[in-house]
Every structure is written in C-alpha cells, then in structure tokens.
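Engineer: Generate a structure from the sequence data that follows.
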Amino acid sequence: MALLSCFPANSDENLDVDEETEINVDLREVIVPSEMNSQQSVQAARNCRLRFLLAADIGAEQPEPATRTLLQGLVPKDEPYIVHTSIHYTNCLVPRLDLIIDSPYYWGIMDRYEAEALLDNKPEGTFLLRDSAQSEYLFSVSFRRYKRTLHARIEQKNHRFSFDFSDPSIYSANTITTLIAYYKDPNKCLFFEPQLSIALPRNFVFPLQHLCRARIASLTTYDNVEKLNLPILLKSFIKEYHYKHPVKTVNYTPDTDLLHAYTLSSFEPTTAGTNNAPD
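Structural biologist: Sure thing, here's the model as predicted:
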C-alpha cells in the first residue's frame, strides 16, 4: 500500500524528480497507521522523506527559468577571462621632418601663451605650427577663428595625421605638411575644424644642427639610426621627433598565462580636437 497517491509504495526506483513538477500531498489520501503493518509504515515513511529531500536538492541547485536565461547571457562558458593585457610598440620617426622645418609657419618649441601673443589681433585664418607641450602629441596648431585664438593638437594613428580620429569623416594625411595644406581652403573647414589660411611667418632661422637632424631623419628609420657611425648623443638627438605605433597586443589568462597574440590593424584614437584648453 502507498502512503501518498503520487508515490510508489514499496520501491526506491524511479526517484528522479523534475524540478518543475509540483508535489502535492493530500492528507485525506494518507493511509492511517492502523491499516498497515509496522514494516510498511517504516518503508513508506522512508520513501516519502527521500523524495522530499531529492525535490529540495534539485530546487536549490537549479535556478528559475528566467534566472537561468539571465545567467547564460552574463557568464560565458569555457572562456578564460583576461587578467592582464600588454601592448607592444614600435618607434617611428616623423615623416618628412625636413619639409616641416622648411615651412615658414613652423615655430618649433612654443607654449600656447606665446602663440596667443603672436596671433593677437591677427586676421581670421592666421596660424602657426609649433611643438606640442604634451608628450602624447608631437605638434599643435594655433590659429585665429571666431575672433579668438584657438589651439588644436595633431593626432597620429596608423602612420597618418589628423585633428580628430574619433570621426572617420575628418581628413587625415600621411605627412604634417599635407594636413596643413588641406585646411588652407576655408570652404573645406567645418565650423569646429582649424582654418589655416594665412601662415604667420617665422622671424628666425633654425640652427644648422636642427636642419641636419631633419634631413637625416627624413632619409632613414628609427631603428636604422643606431647603424649610423655617429656618437650616442647625436643618435638620440636625431631620434627625438618620433611617435609610438602599436603593433601587437598580448592577453594573459590565469590558466595558460598567454592566451594569444595578434597584430592590430588599428587602435582607439586619443581624445583631442579643436579647443581653447592648455596643451
């Protein structure tokens, strides 16, 4: 005889319980102890207790269907997580540095305050090119627009130069002088871009060593400078105008240390653009 109408009475077989199956106990169907012997009562009690324990364990281990769906979307299966990422860079010399130093609008080392003093009360579109005061950038332009002096840093990405790589529609060039020449035409300048129509001519001559450095740097590469038969200090002087280009990223995981390495075609651009903040 069975204690519960939904359970077999005398067997431990078929004890698997589906977590979605409701277990209803109707006390009216429970056989009173007087109608069964002691062995049947003990066996029925054991079966009932075991089934309730199994149902409780399954319910605790398995989350609700909605919860399972959420967890499956948040926790990837069999995917090692990254604990550290390192980026490898190569150094590159600024292309055609000789054309930059030959340009009358290039003033070399200068901060924004000196540039603002030189451009004060100048016509719209008057500009100069100078070395950027921030180590993340090589050059900046200072220019007159909207009756004030503004400044824009020149970004570098994938061996090209632009005023804003975050917007793919913004013009970029493979040399600094080509970039400057593009913004000479006011019709090509959007309202937030530099207008570089009138060059402010430099009123001094660069030293001979700067001219020689620019010429040598334009004819060789950063790595090949070390092969030149020159003193160490002079080699460092030639390599001064360079930028870092990312070539590879390496992701490390706790299990294998090294997950994979691959060559990158592009990186996220740095945040820069036309503004009036110190650089």
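Engineer: what about the closest residue to residue 102 other than its chain neighbours, neighbour count?
Structural biologist: Spatially, and ignoring its direct neighbours in sequence, residue 102 is nearest to residue 214 (8.0 Å; CB to CB, 6 or more residues apart in numbering). Where C-beta positions appear, they are placed from N, C-alpha and C, glycine not excepted. Residue 214 has 21 neighbours, counted by other CB atoms under 10 Å.
Engineer: Over to residue 214: give its phi and psi.
Structural biologist: Phi and psi for residue 214, reported as degrees, to the nearest 10, are phi -60, psi -40.
Engineer: ok, now which ones touch it?
Structural biologist: Residues near residue 214 by CB atoms under 8 Å, 6 or more residues apart in numbering: 97, 98, 100, 101, 102.
Engineer: now the second one, what's its secondary structure?
Structural biologist: By that I understand residue 98. Under DSSP: H, G, I helix; E, B strand; the rest coil, residue 98 falls in the helix class.
Engineer: That one against residue 213, yeah?
Structural biologist: No - here residue 98 does not reach residue 213: they are 9.3 Å apart, not a contact under CB atoms under 8 Å.
Engineer: quick one: which of the two has more around it?
Structural biologist: Legend: neighbour count by other CB under 10 Å for residue 98 and residue 213, higher for residue 213 (21 against 18).
Engineer: after the helix or strand hosting the more buried one comes which helix or strand?
Structural biologist: Per DSSP states H and E: residue 213 is located in helix 208-217. For helix 208-217, the succeeding helix or strand toward the C-terminus, using DSSP H and E, is helix 232-238.
Engineer: Quick one: mean pLDDT over that following helix.
Structural biologist: For helix 232-238, mean pLDDT is 97.
Engineer: Now do that helix: everything it contacts.
Structural biologist: Identification of contacts with helix 232-238 by CB under 8 Å, 6+ apart yields 209, 213, 216, 217, 225, 226, 228, 230.
Engineer: buried ones in that helix?
Structural biologist: For helix 232-238, a neighbour-count test (16 or more other CB atoms under 10 Å) marks 237, 238 as buried.
Engineer: Would you mark the buried spots in the helix or strand just after that helix?
Structural biologist: Downstream of helix 232-238, the first helix or strand assigned by DSSP H and E is strand 242-252. For strand 242-252, a neighbour-count test (16+ other CB under 10 Å) marks 242, 243, 245, 251 as buried.
Engineer: Flag the least confident of those residues.
Structural biologist: residue 251 (79).
Engineer: Let me know whether residue 153 touches residue 137 as I believe.
Structural biologist: Yes - with contacts counted by CB under 8 Å, residue 153 reaches residue 137, the gap being 4.5 Å.
Engineer: So the two - more neighbours on which side?
Structural biologist: Neighbour tally, residue 153 and residue 137, criterion other CB under 10 Å: the higher count belongs to residue 153, 23 against 17.
Engineer: what about residue 90, how many neighbours?
Structural biologist: Residue 90: 14 surrounding residues under other CB under 10 Å.
Engineer: isn't there a strand covering it?
Structural biologist: Yes - counting by three-state DSSP, residue 90 is located in a strand.
Engineer: Just the mean pLDDT for the helix holding residue 213, thanks.
Structural biologist: The average pLDDT within helix 208-217 is 97.
Engineer: which residues in this protein form strands?
Structural biologist: Along the chain, the segments classed as strands by DSSP state E run 84-93, 106-109, 126-131, 139-145, 148-153, 155-157, 160-162, 172-173, 198-199, 242-252, 260-263, 274-275.
Engineer: Just send those back as a markdown table, with distance to residue 186 too.
Structural biologist: Putting those into a markdown table (distance: least, CB to CB, whole Å) gives the following:
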| stretch | distance to residue 186 |
| --- | --- |
| strand 84-93 | 32 |
| strand 106-109 | 21 |
| strand 126-131 | 12 |
| strand 139-145 | 10 |
| strand 148-153 | 15 |
| strand 155-157 | 22 |
| strand 160-162 | 19 |
| strand 172-173 | 18 |
| strand 198-199 | 11 |
| strand 242-252 | 29 |
| strand 260-263 | 40 |
| strand 274-275 | 15 |
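Engineer: closest one to residue 43 among these?
Structural biologist: Closest to residue 43 of the strands of the chain is strand 242-252 (CB to CB; 58.7 Å).
Engineer: returning to what we had before: could you point out which of the strands of the chain sits nearest residue 189?
Structural biologist: Once the strands of the chain are compared by CB to CB, strand 139-145 is nearest, at 8.5 Å.
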